[in-house]
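In: quick one, what's the 3D model for this:
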Amino acid sequence: MNSSRVALIACANGFGHVRRMLSLSLALREQGASPVLIAPNEVVHRLAATFGVQMPEVLDFKSRTTRADLLAPDAYGCWMDDMPVLDEFDEVVSDNLVEILALRPQAWVSGSFFWHLALPGFPAAKAAYAEVLLEQCRPRMISTGLFAAPYLASKTRLFTVGIYGLGPMVRAIDGVDLLVSCGRGGEVQASTRGLLRQLESEAQPGLATVWVEPELYRPDMPDWMRPASYTPAMYGRLSAAVIRPGIGTVTDALLAGVRLFMFHEPDNLEMVQNARRLVAAGLGDACESPSQAWRAAMEFIATRQARDRHAASMRGLDCDGAAQAARLILADRFS
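Out: Model prediction:
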């Protein structure tokens with residue numbers, strides 16, 4: 001048993017970052033540490049309720065790190081202006097936010113890419129500042145091996161782990177539902193809305209339920225279309241997911257054994273990389289649009305051999321990333 005106090009700072013650009021740090025906080029606590037999740041309290045509450053896990057200790061913090069914030073040509077690392085004092089913590093883990101190195105050079109960095117190398121139009125001065133910090137500190141970084149960008153190994157002391165589970169795992173066995181989700185962080189809502197309009201005008205497909213991105217759901221949709229709950233129970237009912245491949249939704253679908261049919265905005269390098277790696281691992285298909293992804297998903301559902309091949313690809317998936325990351329952080333401290 002150790003009593004290490006560990007700060008976990010979550011990026012605000014999508015729920016996936018808070019989800020990953022919540023998963024890590026639970027794993028650290030299981031190994032005897034005292035983690036504090038520095039993230040929006042309402043988001044942590046929502047995720048804990050959705051996944052049926054215990055609330056961690058939370059320090060309510062809304063980092064200014066949305067896509068718009070990251071692309072704004074303002075002061076370097078401005079999200080840290082409101083950062084609480086970190087002196088009491090033995091270790092600090094910053095998810096996708098390298099600017100923490102200016103305040104805490106020995107901090108761990110978490111994630112699978114760097115924003116300044118993934119977002120087109122990222123301000124040059126802020127990108128240069130991030131590169132200086134990386135060169136000066138060469139931080140320890142923990143990344144899910146399935147998604148890790150190739151440049152991480154040369155810019156950090158990289159440790160790769162599996163994907164981060166959260167809550168009870170419900171495996172989809174002969175699932176009969178399908179998810180259509182585009183997330184909050186992208187620019188593909190219009191094409192996803194077009195697919196949903198098309199589905200509304202047609203007869204119910206050979207599926208029990210189509211779970212729909214909540215922001216695009218309307219009460220007057222057919223009764224076989226329902227707003228996605230993103231709970232383990234929902235994922236456990238799926239056969240396939242038509243999604244924009246953000247790591248949070250992708251991770252939950254993979255944990256349930258669900259096949260991924262992916263679409264995304266073409267200039268988002270994070271999404272491009274995620275899709276390519278998942279295709280290479282045999283876990284999904286890259287599609288040009290939500291409509292094309294829907295057609296491919298329906299063909300997959302109707303083909304027993306394709307479903308068997310997908311099940312075989314899933315067998316090698318490492319789902320113990322949070323526990324592995326927690327062991328790295330704690331072992332490094334006492335080594």
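In: give me the contact list for the host helix or strand of residue 310.
Out: Using DSSP states H and E, residue 310 sits in helix 304-314. Identification of contacts with helix 304-314 by CB atoms under 8 Å, 6 or more residues apart in numbering yields 239, 254, 257, 259, 281-283, 299-301. In short, each C-beta sits where N, CA and C put it, glycine included.
In: residue boundaries of the helices in the stretch 1-150 of the chain?
Out: 15-30, 41-51, 67-71, 100-103, 115-118, 124-137 (DSSP state H, counting those that start in this stretch).
In: who's in contact with the last one?
Out: Spelled out, that is helix 124-137. Residues from elsewhere that reach helix 124-137 (CB under 8 Å, 6+ apart): 73, 76-77, 98-99, 101-102, 105-106, 114-117, 155-156.
In: list just the nearest of these to residue 167.
Out: residue 115 (27.6 Å; CB to CB).
In: against residue 119, how distant is the closest residue to the closest one other than its chain neighbours?
Out: Excluding the flanking residues, the one nearest residue 115 by CB to CB, 6 or more residues apart in numbering is residue 70, at 5.3 Å. Per CB to CB, to the nearest Å, residue 70 is found 6 Å from residue 119.
In: just to be sure, residue 171 is in a strand?
Out: No - secondary structure of residue 171 (DSSP: H, G, I helix; E, B strand; the rest coil): coil, not part of a strand.
In: tell me, how many residues neighbour it?
Out: Using other CB atoms under 10 Å, residue 171 has 13 other residues around it.
In: tell me how many other residues surround the nearest residue to it once chain neighbours are set aside.
Out: Of all residues beyond its chain neighbours, the one nearest residue 171 is residue 257 (5.1 Å), with distances taken as CB to CB, 6+ apart. Residues lying near residue 257 (other CB under 10 Å) number 23.
In: coming back round to it: deepest of the helices of the stretch 1-150 of the chain, which one?
Out: helix 15-30 (a mean of 24; mean count of other CB atoms under 10 Å).
In: helices or strands up against that helix?
Out: strand 5-9, strand 34-39, helix 41-51, strand 91-95, strand 108-110, helix 247-255, helix 321-334 (3 or more CB pairs under 8 Å, 6 or more residues apart in numbering; DSSP states H and E).
In: and residue 174, which of these is closest to it?
Out: Closest approach to residue 174 among the helices and strands packed on helix 15-30 (CB to CB): helix 247-255, 16.0 Å.
In: can you tell me the average pLDDT over the next helix or strand after the closest one?
Out: Sequence order places strand 259-262 as the next helix or strand after helix 247-255, per DSSP H and E. Averaged over strand 259-262, pLDDT sits at 97.
In: strand partners (parallel or antiparallel) of strand 259-262?
Out: strand 238-243 (parallel), strand 284-286 (parallel) (DSSP bridges).
In: I'd say residue 21 and residue 12 touch.
Out: No - the pair residue 21 / residue 12 is not scored as a contact, 11.4 Å apart, by CB atoms under 8 Å.
In: picking that back up, quickly note the distance from the residue nearest to residue 171 to residue 196.
Out: Distance, residue 257 to residue 196, by CB to CB: 25 Å.
In: what residue of the protein is the furthest out?
Out: residue 203 (33.3 Å; CA atoms, centre = their mean).
In: secondary structure class for it?
Out: coil.
In: distance of it from residue 222?
Out: Separation of residue 203 from residue 222 (CB to CB) stands at 9 Å.
In: can you pull the contacts of the residue nearest to residue 73 when sequence neighbours are not counted?
Out: Distances taken as CB to CB, 6+ apart place residue 123 nearest to residue 73, at 4.3 Å, with adjacent residues excluded. By CB under 8 Å, 6+ apart, residue 123 lies in contact with 71-73.
In: put the buried members of the contacts of helix 304-314 into a PyMOL selection.
Out: Command for PyMOL that selects the buried part of those, burial taken from 16 or more other CB atoms under 10 Å:
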select buried, resi 239+254+257+259+283+300+301
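In: for the stretch 151-300 of the chain, give me the ranges with low pLDDT.
Out: Under the criterion pLDDT under 70, the flagged ranges of the stretch 151-300 of the chain are 172-173, 184-186.
In: can we see that at 80?
Out: Scanning the stretch 151-300 of the chain for pLDDT under 80 picks out the ranges 168-174, 184-187, 207.
In: how about the strands in it?
Out: Using DSSP state E, counting those that start in this stretch, the strands of the stretch 151-300 of the chain run over residues 157-161, 177-181, 210-212, 225-227, 238-243, 259-262, 284-286.
In: picking up where we left off before, what angle sits between the helix holding residue 310 and strand 238-243?
Out: Inter-element angle recorded for helix 304-314 and strand 238-243: 80 degrees (by axes from the mean of the first three to the mean of the last three CA atoms, to 10 degrees).
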